[in-house]
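Participant: predicted structure and sequence below. I'll ask about it afterward.
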Amino acid sequence: MKVTDLELQKISYFRSFNRFLASIISSQFLFIGFLIQPFTKKHQTFHDIIAGTLVVKSDRQSITLENHKIYKNNKTTDFLFQDRK
């Protein structure tokens with residue numbers, strides 16, 4: 001698994017630190033920040049939304065973001081988030 005920004009690029013140390021601080025907030029109040037993950041469009045936790053990050057599987061080589069779906073070589077792959085219908 002890999003943490004990326006919303007454009008699927010490597011995140012900076014500053015963004016990583018902000019995500020860490022936001023994860024502390026996510027863990028407060030009965031872990032509601034983590035429990036919202038299945039209900040968000042991109043399957044993001046609270047600290048991912050605050051930091052502007054995504055968690056994707058890292059075993060893929062070329063990744064692009066198009067219409068909130070992940071594609072590799074123009075074929076849909078099985079990443080953690082997909083559009084819901």
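Facilitator: That came through, no problem.

Participant: could you measure from residue 33 over to residue 22?
Facilitator: Applying Cβ to Cβ, to the nearest Å, the value for residue 33 to residue 22 is 8 Å. To be clear about C-beta, it is placed using only N, CA and C from the backbone, and glycine gets the same treatment.

Participant: mutual contacts of the two, please.
Facilitator: Residues touching both residue 33 and residue 22 by Cβ atoms under 8 Å, 6 or more residues apart in numbering: 46-47.

Participant: quick one: the strands in the protein?
Facilitator: 2-5, 53-56, 64-66, 69-72, 75-76 (DSSP state E).

Participant: lowest average pLDDT across those strands?
Facilitator: Of all the strands of the chain, mean pLDDT reaches its minimum on strand 75-76 (a mean of 46).

Participant: residue 26 against residue 33, yeah?
Facilitator: Yes: Residue 26 is in contact with residue 33 according to Cβ atoms under 8 Å; the separation is 2.6 Å.

Participant: joint contacts of those two?
Facilitator: Here residue 26 and residue 33 have 45-47 as joint contacts, going by Cβ under 8 Å, 6+ apart.
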